[in-house]
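In: starting from these lines, generate the structure:
(chains A and B)
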2 protein chains.
Amino acid sequence: MTKIITISRQFGSGGRTIGRKVAEKLGIPCYDSEIIEKISERSHFSENYIKESGEYSESFLSKVFSYRPGYTTQQDKLWLVQHEIIKELAEKESCVIVGRCADYILRDRSDCFKVFIHASMEKRAERIVKEYGERKESPEERLMDKDKRRETYYRFYTDLHFGDARNYLLTLDSGILGIDKCVELILDCVNHTEENKA
Amino acid sequence: MTKIITISRQFGSGGRTIGRKVAEKLGIPCYDSEIIEKISERSHFSENYIKESGEYSESFLSKVFSYRPGYTTQQDKLWLVQHEIIKELAEKESCVIVGRCADYILRDRSDCFKVFIHASMEKRAERIVKEYGERKESPEERLMDKDKRRETYYRFYTDLHFGDARNYLLTLDSGILGIDKCVELILDCVNHTEENKA
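Out: Modelled structure (predicted):
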């Protein structure tokens, strides 16, 4: 039976690492930056442009506020390609998909396990400094900025609130539980749900 | 070491049953309707009045919308008593506390495990009919009404959004996972976190 696991996550919560480890344990692929590559191939925009104009760009935010119904922005076009690619990936085989609103895009599939990972500002600040090094802005400033962009993007395209527990099978605080415990709990839930279906 | 577990939940999700079972396994008390009794003893309002004027009452909602700063309503007084009682319970000994915004009231305690339980409308409708029988209104109407009141009450007194994953150690969909699996996962997280602290 196909199993699709979507991992939505706060920036710096270790969601991507958790996704990779879950996929490894299950012997299935994990899609994260690979989705950007695929969007690039299909849309002919560069990977950098997609990253920039996706969840995080200034230009996206300015477009949200100058939104005109009926008018399709480049972001809208990228959203449609992203939508198409995520649907196709989930059709093809079992996989883990990190981020990119996959939880929303695959909401109608009953074989989709939706997970959300978060952690306190303090724990995430520690993590991003360790992972990406120091920057001019404080880690807290970087996190608040990323959080705001990610939440706005999610809200705009899904009409849902980012981080609402009711959209997920389970949500976990990786700062308290640790990365490996999160991996274990996700696998436990996936296996349990499959046994009950079988 | 003291352990306090708060179970916040959507109406009909089985959160109360989960709370009782977790408490039983840990050999600690579970407070739910007992809190109403204690509020009644201390405030001299009847238990029925407290239930009515708490999360669910029409009168509470009308008071939210006629809110005047500096003016203390009976609901505000009951909130203060509830606040005091929950703080005292958590001071005294390990326990499970179901509902009553205990997650918010005890937010500053690092030994507090905060859990949120939810389920789909369909699963909750099934559950409330089985548990409380048929009523004049459809189970879906009853649920939407309760959800709205509970969310409004929570929002008014905590300034947080009901069901936001970021306020919880873990959140679980009891409709997919089942009551007993939720109990097991909560105990697993509590034990793991305690081991890591020890």
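
In: residues touching the nearest residue in space to A:I18 that is not next to it in sequence, list them.
Out: Leaving aside its sequence neighbours, A:I18 sits nearest to A:C182 (Cβ to Cβ, 6 or more residues apart in numbering or on different chains; 5.0 Å). No exception for glycine: its C-beta is placed from N, CA and C like everyone else's. The contact partners of A:C182, taken as Cβ atoms under 8 Å, 6 or more residues apart in numbering or on different chains, are A:G14, A:I18, A:I117, A:L172, A:S174.

In: okay but the last one is in contact with A:H118, surely?
Out: Yes. Counting by Cβ atoms under 8 Å, A:S174 touches A:H118, with 7.2 Å between them.

In: overlap of the contact sets of the two?
Out: Residues touching both A:S174 and A:H118 by Cβ under 8 Å, 6+ apart: A:S13.

In: can I assume A:T17 is in contact with A:D180?
Out: No. Counting by Cβ under 8 Å, A:D180 is not a contact partner of A:T17; they are 9.8 Å apart.

In: more crowded one of those two?
Out: A:T17 (20 against 13; other Cβ atoms under 10 Å in any protein chain shown).

In: name the next helix or strand downstream of the worst-scoring helix or strand of chain A on mean pLDDT, please.
Out: Between all helices and strands in chain A, the lowest mean by mean pLDDT, DSSP states H and E belongs to helix A:58-65, at a mean of 58. Note on helix A:58-65: by DSSP states H and E, the next helix or strand toward the C-terminus is helix A:74-92.

In: quick check: buried residues in the helix or strand just after that following helix?
Out: Counting by DSSP H and E, the next helix or strand C-terminal to helix A:74-92 is strand A:95-98. The neighbour-count check on strand A:95-98 (16 or more other Cβ atoms under 10 Å in any protein chain shown) flags A:C95, A:V96, A:I97, A:V98 as buried.

In: OK, contacts around A:K87?
Out: Contacts of A:K87 (Cβ under 8 Å, 6+ apart): A:I105, A:L106.

In: separation between the residue nearest to the spatial centre of chain A and chain B?
Out: Within chain A, the residue whose C-alpha comes closest to the C-alpha centroid is A:G99; the distance, by Cα atoms, centre = their mean, is 1.1 Å. In this view, A:G99 and chain B are 15 Å apart by Cβ to the nearest Cβ, to the nearest Å.

In: ok, that residue - contacts?
Out: A:I7, A:S8, A:R9, A:G15, A:R16, A:D32, A:E55.

In: what pLDDT does it get?
Out: With respect to pLDDT, A:G99 scores 90.

In: count of neighbours near the residue lying closest to A:R9 once chain neighbours are set aside?
Out: Once flanking residues are discounted, A:R9 sits nearest to A:G15: 2.5 Å by Cβ to Cβ, 6+ apart. A:G15: 25 surrounding residues under other Cβ under 10 Å.
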